[in-house]
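In: Let me see the structure of the following:
(one chain, ligands or ions: 1)
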Amino acid sequence: MEKKLVEGFEHIRYERPQRSHEEMILRSAEFYQDLDQRRTVREFDTRSVPLEVLENIIKTASTAPSGAHKQPWTFCLISDPVIKKKIRVAAEEGEKISYSTRMPEQWKSDLKPLGTNWEKPFLEDAPYLIIVFKQSYGMENGEKVQHYYVNESVGIACGFLIAAIHQAGLVAVTHTPSPMNFLSEILDRPFNEKPYLLIPVGYPKAETYVPDIQRKSLDEVMKKF
Ligand code: IYR
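Out: The predicted structure follows:
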């Protein structure tokens with residue numbers, strides 16, 4: 001492997017395949033068309049999925065760029081029905097209070113078209129729950145390790161995760177139960193990890209319906225200079 005030293009550190013040669021403009025246009029259009037088919041799904045079939053698929057999806061998420069390459073994330077993969085039940089009970093307890101007293105009317109009316117409520121059967125129906133934890137700092141041999149841009153890094157990794165779930169032919173919902181700290185207790189996570197996102201993964205229930213929402217046009221989201 002070709003290598004060179006940069007300020008005393010080894011760098012390795014990196015190359016990507018050279019693609020023609022036509023090929024890039026085709027590939028980027030195909031990738032867009034595939035990801036444009038992704039929809040958040042809240043109703044899951046209970047059918048299981050091979051563990052290897054979930055491992056590949058999490059490996060993909062963990063290829064994301066991160067501040068100073070500290071990879072400040074932990075992905076807890078849950079299939080144990082007892083743990084799923086505990087998570088559902090705790091999440092619904094919080095959500096019940098959120099929907100009845102914590103969320104302002106504006107928020108609830110914004111969610112009306114999506115048909116969400118405090119009940120979260122997907123927390124037990126989905127064959128897998130991925131709970132993403134952000135590491136505010138790292139711990140190596142009892143020493144604190146500084147992490148950088150933790151929210152940005154973990155957010156990007158979750159984007160990769162969601163795209164990989166879709167690409168595998170599965171569906172997911174990005175769930176943010178409020179409050180979320182019960183996840184640290186149930187999963188016995190160390191103090192440097194905070195829950196970031198809960199993502200049930202699996203097959204959609206037979207005959208699933210999703211809200212008829214539209215995406216913003218390119219003109220709305222892109223400004224050329
Ligand atoms: N956490 C709640 C409420 C909720 C909030 C937003 I913003 C959503 O896009 C969807 C749901 C819940 O999970 O129901």
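In: Show me what the helix or strand containing residue 54 is packed against.
Out: Using DSSP states H and E, residue 54 falls within helix 51-61. Counting contacts by 3 or more CB pairs under 8 Å, 6 or more residues apart in numbering; DSSP states H and E, helix 51-61 is packed against strand 73-78, strand 128-135, helix 150-168. The way it works is simple: take the backbone N, C-alpha and C, and place the C-beta from them, glycine included.
In: Let me see the contact set for the residue of the chain with the smallest separation from the ligand.
Out: Per CB to the nearest ligand atom, residue 116 is where the chain lies closest to the ligand, at 4.1 Å. Counting by CB atoms under 8 Å, 6 or more residues apart in numbering, residue 116 makes contact with residue 42.
In: Pretty sure it sits in a strand.
Out: No: using DSSP: H, G, I helix; E, B strand; the rest coil, the secondary structure at residue 116 is coil, not a strand.
In: Please tell me the pLDDT value assigned to it.
Out: pLDDT, residue 116: 95.
In: Would you map the helices across this protein?
Out: Counting by DSSP state H, the segments of the chain that form helices are 21-35, 51-61, 81-97, 105-111, 122-125, 150-168, 182-186, 218-221.
In: As TSV, the ones you listed with mean neighbour count, distance to residue 131 and mean pLDDT would be great.
Out: TSV is the format used below for those (neighbours: other CB atoms under 10 Å; distance: least, CB to CB, whole Å; pLDDT from 0 to 100):
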stretch	mean neighbour count	distance to residue 131	mean pLDDT
helix 21-35	10	24	98
helix 51-61	17	11	99
helix 81-97	16	8	97
helix 105-111	11	22	96
helix 122-125	20	11	98
helix 150-168	19	11	98
helix 182-186	17	5	98
helix 218-221	8	30	98
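In: need those in CSV with distance to the ligand, can you?
Out: Converted to CSV, the helices of the chain look like this (distance: least, CB to the nearest ligand atom, whole Å):
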stretch, distance to the ligand
helix 21-35, 19
helix 51-61, 21
helix 81-97, 6
helix 105-111, 6
helix 122-125, 10
helix 150-168, 14
helix 182-186, 13
helix 218-221, 18
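In: chain center to the helix holding residue 54, what's the gap?
Out: How far helix 51-61 lies from its chain's middle: 12 Å, per CA atoms, centre = their mean, to the nearest Å.
In: residues making contact with it?
Out: 73, 75, 77, 79, 128, 130, 157-158, 160-161, 163-165, 168, 170, 201.
In: right, and out of these, which lies closest to residue 220?
Out: Comparing the contacts of helix 51-61 against residue 220 with CB to CB picks out residue 163 as the nearest, at 21.6 Å.
In: Please give me every residue in contact with the most centrally placed residue in the chain.
Out: By CA atoms, centre = their mean, the mean C-alpha position of the chain lies nearest to residue 158, the distance being 3.5 Å. By CB under 8 Å, 6+ apart, the contact list for residue 158 reads 61, 132, 174, 196-197, 199.
In: ok, which pair from these is furthest apart?
Out: The distance between the two most remote of the contacts of residue 158 (CB to CB) is 12.8 Å, for 61 and 174.
In: So for residue 42, which of the helices of the chain sits nearest?
Out: So among the helices of the chain, helix 122-125 is nearest, using CB to CB, at 5.5 Å.
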